[in-house]
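**Q** here's a sequence, model it:
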Amino acid sequence: MFEIHPKAFIRAVLTFLSISSLTYTILLMIFPSHTPDTKKATQSFYIGNVAGGLVMVTLILLGILVLGPYYSQITMFPSYELGRRIDVGNFLQGIEVVIAILWFITLFFKLCIYFYATLLGFANVFHIKDYKLFSFPVALIMITLSLIVYPSVSYQKDWDTKTWIPYSLLVGILYPLFLLIAGFIQNKKRRSSNG
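**A** Numbers count the residues shown, from 1 in each chain. Coordinates of the predicted model:
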């Protein structure tokens, strides 16, 4: 366990964080403005984030323990492979179908949230009150980009290993931090001009 090189360990931790936590900044674009009780919603947000991280840790641990480190590393979808291997007394089988259905449902909701956040972002940047104007053009752009961004599985693996971590750090940490600092400076200027 402790034979791993620190650089590989840091890369693994950053990959885990980029998948489990750093993508939630997109959710924060729509989260605070549509919740009446901010304190309760914040608590639910943190509980959901921790629960999602625990589910990922459990899946990784099960993958290593059941499939082995090498096979879980080379398998494209280890959780699907775990579901395929479940067989309890010839009764409980075919769990991979349930896993695939859950993937489709979660991907649908994730895409809907990203799509809605994109529309709100465009509407805010261009100071347009009705974001629905952008729905059709943005949907066409998304469909086109889905075919261009990942032309093949090998390109996807290459992009995920080389580009995903810096991209998620930029979108998940640096950009929100920049916005927080800019908002703090803007509020300070506003208070000094009013006071």
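**Q** the bottom helix or strand of the chain by mean pLDDT?
**A** Within the chain, judged by mean pLDDT, DSSP states H and E, the helix or strand with the poorest mean is helix 24-30; its value is a mean of 78.
**Q** show me what contacts the residue sitting nearest the centre point of the chain?
**A** Centroid check for the chain by CA atoms, centre = their mean gives residue 23 as the closest residue, at 3.5 Å. Counting by CB atoms under 8 Å, 6 or more residues apart in numbering, residue 23 touches 168, 172. Where C-beta positions appear, they are placed from N, C-alpha and C, glycine not excepted.
**Q** any regions of the chain where pLDDT drops low?
**A** 1-2, 32-33, 91, 195 (pLDDT under 70).
**Q** max-length helix in it?
**A** Longest helix in the chain, counting residues (DSSP state H): helix 95-125.
**Q** I'd like to know which elements that helix is packed against.
**A** Counting contacts by 3 or more CB pairs under 8 Å, 6 or more residues apart in numbering; DSSP states H and E, helix 95-125 packs against helix 24-30, helix 78-85, helix 135-149.
**Q** contact partners of the least confident helix or strand of the chain?
**A** 45, 49, 113, 114, 116, 117, 120, 121, 171, 172, 175, 176.
**Q** quick check on the residues you listed: which are buried?
**A** For these, a neighbour count by 16 or more other CB atoms under 10 Å gives the buried set as 45, 113, 117, 121, 172.
**Q** contacts for the strand or helix carrying residue 61?
**A** Using DSSP states H and E, residue 61 sits within helix 38-62. When contacts are defined by CB under 8 Å, 6+ apart, helix 38-62 is touched by residues 16, 19-21, 24, 27, 31-32, 35, 72, 78-79, 82.
**Q** go with 10 Å
**A** 12, 16-17, 19-21, 24, 27-28, 31-32, 34-35, 37, 72, 78-79, 82 (CB atoms under 10 Å, 6 or more residues apart in numbering).
**Q** alright, that wraps it up for me.
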